[in-house]
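# Here is a sequence with its predicted model. Questions after.
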Amino acid sequence: MSSFKAVIDTIRRHHKFLVTTHHNPDADAVSSALSMALFLKSLGKQVQVLNEDDCPEWLKFLPGTSMFKKVSDVKRVDYEVAIVLDCGDRKRVGGVNKFIQEGKPLINIDHHVTNDKFGSINVVQSKASSTCEMVFDFLKETKHKLNKNLAILLYAGIMTDTGSFRFENTSAHSHAVAQELMAFKFSAAKMYDRLYVGMPVVDLKLFADVIHHAQLLDGNRVYCVALPKKQVDRFSKSFDLKEKLFTFLRSVEGIEVVVILTELSAKEVRINLRSQHDFDVASLAQQFEGGGHKKAAGCKIYEPLAQAQKIICGAIHKRL
């Protein structure tokens, strides 16, 4: 049996679909959800794309983002099959969970090593560079003809999850997929500029201030950035602060772990983790009911920002 056979058979038998991904979605999440939705629509299926959050402003240049709806703006979902992409556990879809009904097919397509196989149909490939790479393989298996919009979406997800093909998850297959996608004549250079380079002038001093006030811990092996909600709210909506921080800090010699704490409310803090060497941040995130990859993971801590920082940095210190 092929890896996607059960998915293909389920799609063939049904007409109405709910497509979702994790809250606070990144490019791989948005692009994999939208590419799946475009595929389903091309078959004449009815599709609703929902998320806990809005599509990030910096990704709205991608094709199909008008389909991406915030769950709080939706009162009713009429569906037969739910497809969850790029999500290690069902809790991470947030408010979309209230629409997911027991007894209906739930397809789980993901590449996170910590995925807990929450679907009734699970295709989890931890060696894939990205969920978009998996969607590409899925489309090839269905013999679906690619087009420029699909190529742009899939390339964006693969590019960002591989760090522009620099991270260890980049494989020969990743490059082969990229080669096939680039045959559709979009500009990879322009996409890189949209996804990585841009920093609005109004955000420059704010960004410098964040870097200045971050903490180096454990003999300069840990870089910890704590972001109060009022500080995050000062940045442009089109500016992806978290990814810009990670991109910048990956270039600093000697840092093993980067921690970004984002205050969501008085007692809820989102933790994003990256590691440079052998430190397993996925295992650390699981300690707090999160997950991800060995070198990129996340979780939440339900405490005030200062206490959450003490807890996560203490856990890292013990592991170091």
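Looks like it arrived, so ask away. Numbers count the residues shown, from 1 in each chain.

# Now do the contacts for R319.
Applying Cβ atoms under 8 Å, 6 or more residues apart in numbering to R319 gives the contacts F279, L284. C-betas here are computed from N, CA, C, even on glycine.

# Check the gap between it and F17 for me.
41 Å (Cβ to Cβ, to the nearest Å).

# where along the chain do the strands fall?
Ranges of strands within the chain are 16-21, 46-51, 68-70, 81-85, 106-110, 121-124, 215-217, 222-227, 257-265, 268-275, 291-292, 296-301, based on DSSP state E.

# Reformat the ones you listed into TSV and put mean pLDDT, distance to R92 and mean neighbour count next to each item.
Output for the strands of the chain, formatted as TSV (pLDDT from 0 to 100; distance: least, Cβ to Cβ, whole Å; neighbours: other Cβ atoms under 10 Å):
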stretch	mean pLDDT	distance to R92	mean neighbour count
strand 16-21	98	9	25
strand 46-51	98	11	21
strand 68-70	97	16	18
strand 81-85	98	9	26
strand 106-110	98	10	24
strand 121-124	98	14	19
strand 215-217	94	28	14
strand 222-227	96	20	21
strand 257-265	96	14	20
strand 268-275	95	11	22
strand 291-292	91	8	24
strand 296-301	94	9	22
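
# Just send those strands back as CSV, with distance to T170 too.
CSV is the format used below for the strands of the chain (distance: least, Cβ to Cβ, whole Å):
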stretch, distance to T170
strand 16-21, 22
strand 46-51, 27
strand 68-70, 27
strand 81-85, 20
strand 106-110, 18
strand 121-124, 19
strand 215-217, 29
strand 222-227, 24
strand 257-265, 20
strand 268-275, 16
strand 291-292, 17
strand 296-301, 13
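
# can you tell me which of the ones you listed comes nearest to K237?
strand 68-70 (13.9 Å; Cβ to Cβ).

# H14: neighbour count?
16 (other Cβ atoms under 10 Å).

# For it, which residues are in contact?
The contact partners of H14, by Cβ under 8 Å, 6+ apart, come to K45, E80, V81, P105.

# follow-up on the earlier one: for the strands of the chain, which one sits closest to S174?
Smallest distance to S174 across the strands of the chain (Cβ to Cβ): 15.6 Å, for strand 296-301.

# Using CSV, list the CA coordinates for the closest one.
C-alpha atoms of strand 296-301 as CSV (Å, rounded to 0.1, in the frame of the first residue of the first chain):
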residue,chain,number,x,y,z
ALA,A,296,13.1,23.5,16.1
ALA,A,297,10.2,23.2,18.5
GLY,A,298,7.7,25.0,20.6
CYS,A,299,5.3,24.9,23.5
LYS,A,300,3.3,27.1,25.9
ILE,A,301,3.7,27.8,29.6
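
# For this structure, which segments are assigned as helices?
In the chain, the helices defined using DSSP state H lie at 5-13, 27-42, 131-141, 148-161, 172-181, 188-192, 201-213, 229-232, 241-249, 281-286, 305-319.

# Determine which of those helices approaches V96 most closely.
Nearest of these (Cβ to Cβ): helix 27-42, 11.0 Å.

# So which other helices or strands are in contact with that closest one?
Where contact means 3 or more Cβ pairs under 8 Å, 6 or more residues apart in numbering; DSSP states H and E, helix 27-42 is packed against strand 16-21, strand 46-51, strand 68-70, strand 81-85, helix 131-141, helix 148-161.

# Rebuild the ones you listed as CSV, extending it with distance to K229.
Listed next are the helices and strands packed on helix 27-42 as CSV, based on distance: least, Cβ to Cβ, whole Å:
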stretch, distance to K229
strand 16-21, 24
strand 46-51, 20
strand 68-70, 19
strand 81-85, 28
helix 131-141, 29
helix 148-161, 25
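
# and of the ones you listed, who's closest to S3?
Among the helices and strands packed on helix 27-42, the nearest to S3 by Cβ to Cβ is helix 131-141 (7.8 Å).

# got the contact list for the least confident helix or strand in the chain by mean pLDDT?
Scoring the helices and strands of the chain by mean pLDDT, DSSP states H and E places helix 241-249 at the bottom, with a mean of 86. The contact list for helix 241-249, computed with Cβ under 8 Å, 6+ apart, reads 26, 160, 196, 199, 203, 207, 210-211, 223, 225, 227, 232, 235, 255, 258, 260, 262, 272, 274.

# So, low pLDDT: which residues of the stretch 1-150 of the chain?
Judged by pLDDT under 70, the stretch 1-150 of the chain has its weakly predicted residues at 1-2.

# Which of the contacts of H14 has the largest number of neighbours?
The residue in those with the most neighbours, by other Cβ under 10 Å, is V81 (22 neighbours).

# That one and T20 touch, don't they?
No - contact criterion Cβ atoms under 8 Å: V81 and T20 do not qualify, at 11.8 Å.
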